[in-house]
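Trainee: this is a predicted model, with the sequence first.
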Amino acid sequence: MSMARSLTRRGTTAALTVLMAAALGAAGAGASSADTAAAPQTRQIASSVVGSDYKITLTALRSTEDEYAASVRLQVYTQSGGAWKESDRVTVGDVDGWFWYPLTGKGAVCEFSTASTEPAPLTVSLLLTPSIGCSEPAEYVVKEGRVYAG
């Protein structure tokens, strides 16, 4: 009788373990699909190669909170082993401080200029809305692969 009770406990414990694993697996699958759904939509809006030293890109990132809002990411890449490797990134303006549709439409980039000097000055001005026009120019300096306020 004692042995039967022991087998029943083991069977119950095994069944609970399987149920817990299934529940955790389902929770994990839900979390990973939620993470995928929460990944922001992105669109590169400008890119420039400065000499052989730097590649600089501007990318619009659509807000996951507000379908009309967006952020702008400025990334700097340097050559490493024959490939471009990111060396720094900054947010231009405020997070979700831009409008997605003007940023990804025609005429989104009002100014995107740099020079092949070290340090390299960098100016960015983007379309706020067609009726308002362009943002004030944001000034940066790229020095040794890093971005600094200009």
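Mentor: Sure thing, it's come through. Residues are numbered from 1 along each chain as shown.

Trainee: which residues does the host helix or strand of residue 90 contact?
Mentor: Assigned by DSSP states H and E, residue 90 belongs to strand 83-92. Residues external to strand 83-92 that are found in contact with it (Cβ atoms under 8 Å, 6 or more residues apart in numbering): 55, 58, 71-79, 124, 126, 138, 140, 142, 145-147. No exception for glycine: its C-beta is placed from N, CA and C like everyone else's.

Trainee: restricted to strands, list those.
Mentor: 55, 58, 71-79, 124, 126, 138, 140, 142, 146-147 (DSSP state E).

Trainee: just the buried residues of those.
Mentor: Among the ones in strands among the contacts of strand 83-92, those classed as buried by neighbour count (16 or more other Cβ atoms under 10 Å) are 55, 58, 71-78, 124, 126, 138, 140, 142, 147.

Trainee: so for the protein, the centremost residue is which one?
Mentor: residue 61 (6.4 Å; Cα atoms, centre = their mean).

Trainee: surely that one is in contact with residue 39?
Mentor: No - if you go by Cβ atoms under 8 Å, residue 61 and residue 39 don't touch, sitting 9.7 Å apart.

Trainee: show me where this protein has helices.
Mentor: For the chain, applying DSSP state H gives helices covering 2-38, 100-104.

Trainee: kindly report which one of the ones you listed carries the lowest mean pLDDT.
Mentor: Lowest mean pLDDT within the helices of the chain: helix 2-38, at a mean of 43.

Trainee: that older thread, residues touching the residue nearest to the centre of the chain, list them.
Mentor: Taking Cβ under 8 Å, 6+ apart as the test, what residue 61 contacts is 40-42, 70-73.

Trainee: and which of the residues you listed is nearest residue 119?
Mentor: Nearest to residue 119 among those is residue 73, at 20.5 Å by Cβ to Cβ.

Trainee: show me what contacts the residue nearest to that closest one when sequence neighbours are not counted?
Mentor: Distance criterion Cβ to Cβ, 6 or more residues apart in numbering; nearest residue to residue 73, sequence neighbours excluded, is residue 59 at 4.7 Å. Residue 59 sits next to 42-45, 72-73, 75 when contact means Cβ under 8 Å, 6+ apart.
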